[in-house]
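>>> Predicted model and sequence follow; I will ask about them next.
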Amino acid sequence: MAFLQLNCISQTYFSKRSSTTALEDISLSVRKGEFISFLGPSGCGKTTLLSIVAGLFPPTVGSVTLSGELLKGPHPKIGYMLQQDYLFPWKTVKENVLLGLKLRDQQNDRHISKTFSLLKEVGLEGTLDMYPTQLSGGMRQRVAFVRTLATNPEILLLDEPFSALDYQTKLKLEDLVSITLMEHGKTAILVTHDIGEAIAMSDTIILFSKNPGRIIRTFKTPETLKRLIPFEARHHPDYSMMFQQIWEELEQIEQNDSE
Ligand SMILES: Nc1ncnc2c1ncn2[C@@H]1O[C@H](COP(=O)(O)OP(=O)(O)OP(=O)(O)O)[C@@H](O)[C@H]1O
């Protein structure tokens, strides 16, 4: 049985005068521990699909199951991290990272010390009493990452979490997130516009076309790249080959779209 299963999902947004079919007939199986990326042109439904997996709203058609159980809304085993960090500026780093535990009434010594050790793992042990405005963008995203991990979700949904960062910080965070998720045995789905990021971080890349959003290709990352951290993977010859393949496929999608 697949860990996470998306079954024939379609999503149509309705307004008074029109309707938009954002996704059509999306089926997908995700293994435990797998790192998947959703890649595709703007408007192909990546965020819509991630929101459905996060249980923010049910799909118009189809379903999502987690270990065979039908998802009916947000699930404690699924954590969501967005492009913007959404930290509360009036709360300290400590208060921000413990927020999820507090809301779930799980703020006991064991969970608190686990969260603090996660902060240490991401190099932020000295920031507990600081406020988000005192931190850089990269540091804030690391705090948001720890806050997402603090409640111990098994699946992390990452919606362009690095896109607002400068290039160097983004590369460093890719490594950090990749290593941390692997060490903790997490499953992840990353939404990105960045072909290189998708190749360097994922086991599987799902390519979407748009109008409506459909899966058009699934790429498996070669073992040679999976063994490497993202920064090293970017320098491997297999990375360039895969980049070229995906680039051509995306060009084709754009060409078909404009015809
Ligand atoms: N709440 C909404 N109401 C109506 N239409 C929507 C809504 N959200 C998204 N859409 C439409 O659904 C389609 C898919 O949007 P979505 O944001 O999921 O795509 P995306 O691939 O994540 O785009 P981007 O890469 O630009 O973030 C688009 O045509 C968009 O305009």
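Arrived safely.
>>> So in that sheet, which strands flank the helix or strand harbouring Ile36, and in what orientation?
Take DSSP states H and E as the rule and Ile36 turns out to sit in strand 35-39. When sheet partners are counted by DSSP bridges, strand 35-39 sits next to strand 187-192 (parallel), strand 204-209 (parallel).
>>> Name the residues of this protein found near the ligand, please.
With Cβ under 6 Å from any ligand atom as the criterion, the chain comes near the ligand at residues Tyr13, Thr20, Ala22, Ser42, Gly43, Cys44, Gly45, Lys46, Thr47, Thr48. C-beta here means a position set from N, CA and C on the backbone, and glycine is covered the same way.
>>> Can I get those in a markdown table including neighbour count and pLDDT?
Output for the residues of the chain next to the ligand, formatted as a markdown table (neighbours: other Cβ atoms under 10 Å; pLDDT from 0 to 100):
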| residue | neighbour count | pLDDT |
| --- | --- | --- |
| Tyr13 | 11 | 94 |
| Thr20 | 14 | 91 |
| Ala22 | 23 | 95 |
| Ser42 | 7 | 89 |
| Gly43 | 16 | 90 |
| Cys44 | 25 | 91 |
| Gly45 | 27 | 94 |
| Lys46 | 27 | 93 |
| Thr47 | 16 | 92 |
| Thr48 | 20 | 95 |
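>>> In helices only, show me the residues you listed.
Lys46, Thr47, Thr48 (DSSP state H).
>>> ok, and the closest non-adjacent residue to Leu119?
Setting aside the residues directly before and after it, Leu119 is nearest to Val146 in space (Cβ to Cβ, 6 or more residues apart in numbering), at 5.3 Å.
>>> Am I right that that neighbour is in contact with Val122?
Yes - in this structure, Val146 sits in contact with Val122. The criterion is Cβ atoms under 8 Å, and the distance is 6.0 Å.
>>> higher neighbour count, those two?
Val146 (23 against 20; other Cβ atoms under 10 Å).
>>> State the three-state secondary structure for the more buried one.
In three-state terms, and counting by DSSP: H, G, I helix; E, B strand; the rest coil, Val146 is helix.
>>> From Leu228, how far out is Ser178?
Relative to Leu228, Ser178 is positioned 10 Å away (Cβ to Cβ, to the nearest Å).
>>> Of the two, which one has the most company?
More neighbours surround Ser178 than the other of Ser178 and Leu228, with 21 against 16 (other Cβ under 10 Å).
>>> where does the more buried one land on pLDDT?
The model reports Ser178 with a pLDDT of 93.
>>> Phi, psi for it please.
In this entry, Ser178 is assigned phi and psi values of phi -60, psi -50 (degrees, to the nearest 10).
>>> Identify the residues contacting it.
Residues in contact with Ser178, defined by Cβ atoms under 8 Å, 6 or more residues apart in numbering, are Phe35, Ala200, Met201, Ile229, Pro230.
>>> so how far is Ser15 from the nearest residue to the second one once chain neighbours are set aside?
Across the structure, with Cβ to Cβ, 6+ apart as the measure, the residue nearest Ala200 apart from its sequence neighbours is Pro230 (3.6 Å). According to Cβ to Cβ, Pro230 and Ser15 sit 40 Å apart.
>>> Which one's more surrounded, these two?
With other Cβ under 10 Å as the criterion, Pro230 and Ser15 differ in neighbour count, and Pro230 comes out ahead with 23 against 7.
>>> need the contact list for that one.
Under the contact definition (Cβ under 8 Å, 6+ apart), the residues listed for Pro230 are Leu171, Glu174, Asp175, Ser178, Glu197, Ala200, Met201.
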